[in-house]
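Just to be clear, the model below is a prediction. Sequence and coordinates:
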Amino acid sequence: MTWVAWLTGLPGSGKSSVGREVAVRLKGRGMRVRVLELDEIRRVVTPSPRYTAEEREVVYRALVYMAWLLYNEGVSVIIDATAHRRQFRDAARALIPAFAEIFLCAPLPTCRVRAGGRQGSYAPTDVYGQAGRKGSTVPGVDEVYEPPLHPELVLDTEELHVTQAADQVVGFLEAFQAGQATASVTTNCEEKR
């Protein structure tokens, strides 16, 4: 069974690091899996992004469509994208039968520190550096981030190292693929928000 798993969370919550680690492990086990990093896709689709509501709507619809195409070709997909609005993730859930939402939770101050020190990533450098300025649309600061209401897996990435988070995601996805996954919350993220 193929699937699509959406890693969501604030910028700096660990989506890219965990997604890449999970993909390496699953490919090592012979699985066909592709990571769709929205920041990488934006370099082609919107090389000079404005992050307007209209642009985000189009970009997220395109992302969901790409995931659906890969899913239908027998490729499992890890989506690495903040998707600060639930409607973006809900569109994928409505379109893709085997879909899971994985919420990477970390407090905003932790995310700010991590994002400020990013290197070798497609993500914008110092995404939070523009936060709070006129016209800024940084999720979690200028734009509301809507956490998933019923995610299949929640991980506290302030507490878990990347390898530990990847262990849990891989374990979940293997069970999900076998149709044996149950929703799992391993943190008190609600209290941290």
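Looks like it came in fine.

How are the helices of the chain distributed by residue range?
15-28, 38-45, 53-72, 86-95, 108-116, 162-177, 189-192 (DSSP state H).

right, so those helices: which one is the most enclosed?
helix 15-28 (a mean of 20; mean count of other C-beta atoms under 10 Å). No exception for glycine: its C-beta is placed from N, CA and C like everyone else's.

chain center to it: distance?
Its chain's C-alpha centre lies 12 Å from the corresponding centre of helix 15-28 when counted by C-alpha atoms, centre = their mean, to the nearest Å.

cool, stretch 106-119 as well?
15 Å.

Output it in PDB, but only the C-alpha positions, please.
Taking Å, rounded to 0.1, in the frame of the first residue of the first chain, the C-alpha atoms of stretch 106-119 are listed here in PDB:
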ATOM      1  CA  ALA A 106       7.900  22.700  19.100                       C
ATOM      2  CA  PRO A 107       7.500  26.100  20.900                       C
ATOM      3  CA  LEU A 108       7.900  29.200  18.800                       C
ATOM      4  CA  PRO A 109      11.100  30.400  20.500                       C
ATOM      5  CA  THR A 110      12.700  27.000  19.800                       C
ATOM      6  CA  CYS A 111      11.600  27.200  16.100                       C
ATOM      7  CA  ARG A 112      13.000  30.700  15.800                       C
ATOM      8  CA  VAL A 113      16.400  29.600  17.000                       C
ATOM      9  CA  ARG A 114      16.500  26.600  14.700                       C
ATOM     10  CA  ALA A 115      15.300  28.500  11.700                       C
ATOM     11  CA  GLY A 116      17.900  31.300  12.300                       C
ATOM     12  CA  GLY A 117      20.700  28.800  12.100                       C
ATOM     13  CA  ARG A 118      19.600  26.800   9.100                       C
ATOM     14  CA  GLN A 119      22.200  25.800   6.500                       C
END
